[in-house]
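Colleague: Whatever this is, show me its structure:
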Amino acid sequence: MIRGIDREVRNAIKNAAKTDGVSVGSWVRRSLVGALHATAAGPSTVIQVSEHMRILEARLSVLEKSHRTLHQRVHAADGLTAKSTGQKRTRWRRTKKSK
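Modeller: As a prediction, this is how the structure comes out:
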């Protein structure tokens, strides 16, 4: 029984507990504990968010540089293959049969 809670909220809690496959009491207890832990951790400050953003930007920069380097290496290898293939073609001479 949930006293002091309007019918809509009570029904929503019962449905959520049924969906999770637990009793209403267990669902409410788990929700309250989760809310208390979230409150105890406190909201993130602007300074904390800024620091996280700075770290993410640094990681992204490293990834972009390594991707660029890898991209250049792959295309350089493709260029070498194309040159050697092109050189072979220039050495090949047509014969009467190939015309």
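Colleague: okay, CA-based contacts and neighbour counts for the rest of this
Modeller: Will do.
Colleague: burial measure for Gly67, as a count.
Modeller: For residue 67 the amino acid is His, not Gly. 12 (other Cα atoms under 10 Å).
Colleague: Check which helix or strand it maps to.
Modeller: According to DSSP states H and E, His67 maps onto helix 46-91.
Colleague: So, low pLDDT: which residues of the chain?
Modeller: For the chain, the stretches flagged by pLDDT under 70 are 1-2, 39-43, 80-99.
Colleague: how about a cut-off of 50?
Modeller: Counting by pLDDT under 50, the chain contains no low-confidence residues.
Colleague: Okay, domains of it per the record?
Modeller: 1-42, 44-89 (automatic domain parsing).
Colleague: how far does stretch 16-28 sit from the chain's center?
Modeller: 31 Å (Cα atoms, centre = their mean, to the nearest Å).
Colleague: Next, the distance between the ends of that stretch.
Modeller: 10 Å (Cα to Cα, to the nearest Å).
Colleague: to the chain's geometric centre, what's the distance from stretch 16-29?
Modeller: With Cα atoms, centre = their mean, you get 31 Å for stretch 16-29.
Colleague: outside of it, which residues touch it?
Modeller: Ile13, Lys14 (Cα atoms under 8 Å, 6 or more residues apart in numbering).
Colleague: So which bits of it are buried?
Modeller: For stretch 16-29, the neighbour count (16 or more other Cα atoms under 10 Å) marks Ala16, Ala17, Val24, Trp27, Val28 as buried.
Colleague: again, but for stretch 66-84
Modeller: Result for stretch 66-84 [16+ other Cα under 10 Å]: no buried residues.
Colleague: Tell me the gap between it and the middle of its chain.
Modeller: 28 Å.
Colleague: repeat for stretch 61-76
Modeller: Worked out by Cα atoms, centre = their mean, stretch 61-76 lies 20 Å from the chain centre.
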